[in-house]
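A.B. asks: need the 3D shape of this:
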Amino acid sequence: MIARELMQTEVPTLSPTDSIQRAAELLTEYSHSNLAVLDADGTIVGMVGEHDILALAMPTSAAGIDSLGYLPRCYGLRDLSDDELRDVTVKEIMRTDDFVTVEEDELAAQAALLMMRHHQPQIFVVSDGKYVGRLCRKYIISELVNPTLGIACHP
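C.D. replies: Numbering: from 1, shown residues only. Predicted coordinates for the structure are as follows:
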């Protein structure tokens with residue numbers, strides 16, 4: 001099987017100018033861990049995930065926060081007023097180097113390996129550099145692993 005056969009194509013995406021409120025709404029409504037951020041041409045320019053939104057709840061004044069280097073760069077935005085926070089856009093919190101892509105004709109097993117190596121619950125699928133969908137672990141598990149084990153599982 002290849003990525004194209006397992007990917008989801010009806011998946012919400014974000015633009016850099018979307019609000020963080022929009023990002024939070026889509027993440028919760030669709031129960032996704034991450035959403036691709038696309039430019040006007042459909043090229044992935046970043047990713048916003050649950051932990052980026054959760055990081056907004058952590059004030060920079062928290063004790064020892066400077067030693068938590070694994071936090072997204074946006075964690076300190078929570079010190080903004082509610083009005084200022086409403087004006088924050090996806091561009092200000094998106095990660096530009098922490099997402100993984102795979103071509104649509106890549107083997108699903110190779111895509112699964114990339115997910116494991118990069119500790120990603122999903123990867124974005126591209127064709128000629130343009131976003132075409134996402135591939136998540138549960139679809140790979142249901143299609144590749146479960147038939148091998150004889151377990152019926154439908155995502």
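
A.B. asks: next, Met116: phi, psi?
C.D. replies: phi -70, psi -50 (degrees, to the nearest 10).

A.B. asks: what's the answer for Gln122, then?
C.D. replies: phi -160, psi 160.

A.B. asks: show me where the chain has strands.
C.D. replies: In the chain, the strands defined using DSSP state E lie at 34-38, 44-49, 101-103, 122-127, 130-136.

A.B. asks: just want the angle from the second one to strand 34-38.
C.D. replies: In other words, strand 44-49. 150 degrees (axes from the mean of the first three to the mean of the last three C-alpha atoms, to 10 degrees).

A.B. asks: who touches strand 44-49?
C.D. replies: Residues from elsewhere that reach strand 44-49 (C-beta atoms under 8 Å, 6 or more residues apart in numbering): 14, 16, 20, 23, 27, 33-39, 90-91, 93-96, 98-99, 101, 124, 126, 131. In this view, the C-beta of every residue, glycine as well, is placed from N, C-alpha and C.

A.B. asks: again with the shortest one
C.D. replies: Taking contacts as C-beta under 8 Å, 6+ apart, the residues outside strand 101-103 that touch it are 3, 44, 110-111, 114, 123-127, 135.

A.B. asks: max pairwise distance over these: which two?
C.D. replies: Spatially, the most separated pair among those is Ile44 and Gln110, at 18.6 Å (C-beta to C-beta).

A.B. asks: rewinding a little: quick check on the contacts of strand 101-103: which are buried?
C.D. replies: Neighbour counting over those (16 or more other C-beta atoms under 10 Å) leaves 3, 44, 111, 123-126, 135 as the buried ones.

A.B. asks: what stretches of the protein score poorly on pLDDT?
C.D. replies: Applying pLDDT under 70 to the chain picks out residues 57-82, 84-85, 144-155.

A.B. asks: and the helices in it?
C.D. replies: Counting by DSSP state H, the chain has helices at residues 3-6, 20-30, 50-55, 82-86, 90-93, 108-117, 137-140, 146-149.

A.B. asks: please tell me how far the residue nearest the centre of the chain sits from Met1.
C.D. replies: When C-alpha atoms, centre = their mean is applied to the chain, the residue found nearest the centroid is Asn34 (2.2 Å). For Asn34, the distance to Met1 equals 22 Å [C-beta to C-beta, to the nearest Å].
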